[in-house]
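Peer 1: Pasting the sequence and the predicted coordinates here, then a few questions.
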Amino acid sequence: MGMGVSSGRRRGRRSRRAAMAEINVTPLVDVMLVLLIIFMVTVTLPAVGVPIDLPDSRAAPVEEKPEQITISVDAVGRIYIEETPVPVGGLPAALEALDRGGEPPLIVLRGDRNLDYGRVMAVMGELGRAGFTQISLVTDGSVSAP
């Protein structure tokens with residue numbers, strides 16, 4: 001076993017290394033995992049862009065469904081369906097124009113914490129009158145009991 005012995009012919013010449021035929025995939029995997037985490041975090045953020053100061057609650061979170069419709073009521077009482085503002089007095093017509101596709105979709109109602117309770121109830125009344133019976137109220141999570 002002549003492990004450390006080299007032949008006499010090679011001693012005079014510089015030995016060349018063979019070209020490396022393998023690709024180091026560790027940096028690629030690291031970058032892909034970081035991108036996956038960023039994607040997962042940004043997908044779970046709320047898609048509605050109407051800025052609302054939601055009230056706090058310890059209620060269990062409701063999972064989002066693709067066929068849900070988000071209705072927002074901001075601090076001054078303006079109503080939005082998704083991100084589209086609804087003109088004053090135009091909520092019944094806007095609800096009639098929604099595509100229901102058979103059964104009524106889930107309505108997610110976001111109301112500002114500074115709103116009058118009667119304003120939120122008026123919107124819920126119009127939703128019920130239009131035939132939308134599945135309504136979820138959205139709140140911010142709170143760590144302590146009220």
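Peer 2: Arrived safely, thanks for sending.

Peer 1: low-scoring stretches of the protein, by residue?
Peer 2: By pLDDT under 70, the low-scoring segments of the chain are 1-15, 44-49, 62, 64-66, 99-100, 142-146.

Peer 1: could you point out the longest helix in it?
Peer 2: helix 26-44 (DSSP state H).

Peer 1: can you pull out the strands in this structure?
Peer 2: 56-57, 69-73, 79-81, 84-86, 107-111, 135-138, 140-141 (DSSP state E).

Peer 1: now those strands in a markdown table, with mean neighbour count?
Peer 2: Every residue, glycine included, has its C-beta placed from N, CA and C. Output for the strands of the chain, formatted as a markdown table (neighbours: other CB atoms under 10 Å):
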| stretch | mean neighbour count |
| --- | --- |
| strand 56-57 | 13 |
| strand 69-73 | 22 |
| strand 79-81 | 20 |
| strand 84-86 | 14 |
| strand 107-111 | 22 |
| strand 135-138 | 17 |
| strand 140-141 | 11 |
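
Peer 1: Make TSV from these and add distance to Leu33 to it.
Peer 2: What follows is those, written out as TSV (distance: least, CB to CB, whole Å):
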stretch	distance to Leu33
strand 56-57	34
strand 69-73	31
strand 79-81	37
strand 84-86	37
strand 107-111	32
strand 135-138	31
strand 140-141	27
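
Peer 1: still on that earlier bit, and the longest helix of the chain, how far from the chain's centre?
Peer 2: 16 Å (CA atoms, centre = their mean, to the nearest Å).

Peer 1: repeat for stretch 93-108
Peer 2: So, by CA atoms, centre = their mean, the centroid of stretch 93-108 is 22 Å from its chain's centroid.

Peer 1: for Val86, what are its contacts?
Peer 2: Arg78, Ile79, Tyr80, Ala94 (CB atoms under 8 Å, 6 or more residues apart in numbering).

Peer 1: How about Gln68?
Peer 2: Gln68 sits next to Pro105, Leu106, Ile107, Val108 when contact means CB under 8 Å, 6+ apart.

Peer 1: Repeat that for Glu63.
Peer 2: By CB under 8 Å, 6+ apart, Glu63 has no neighbours at all.
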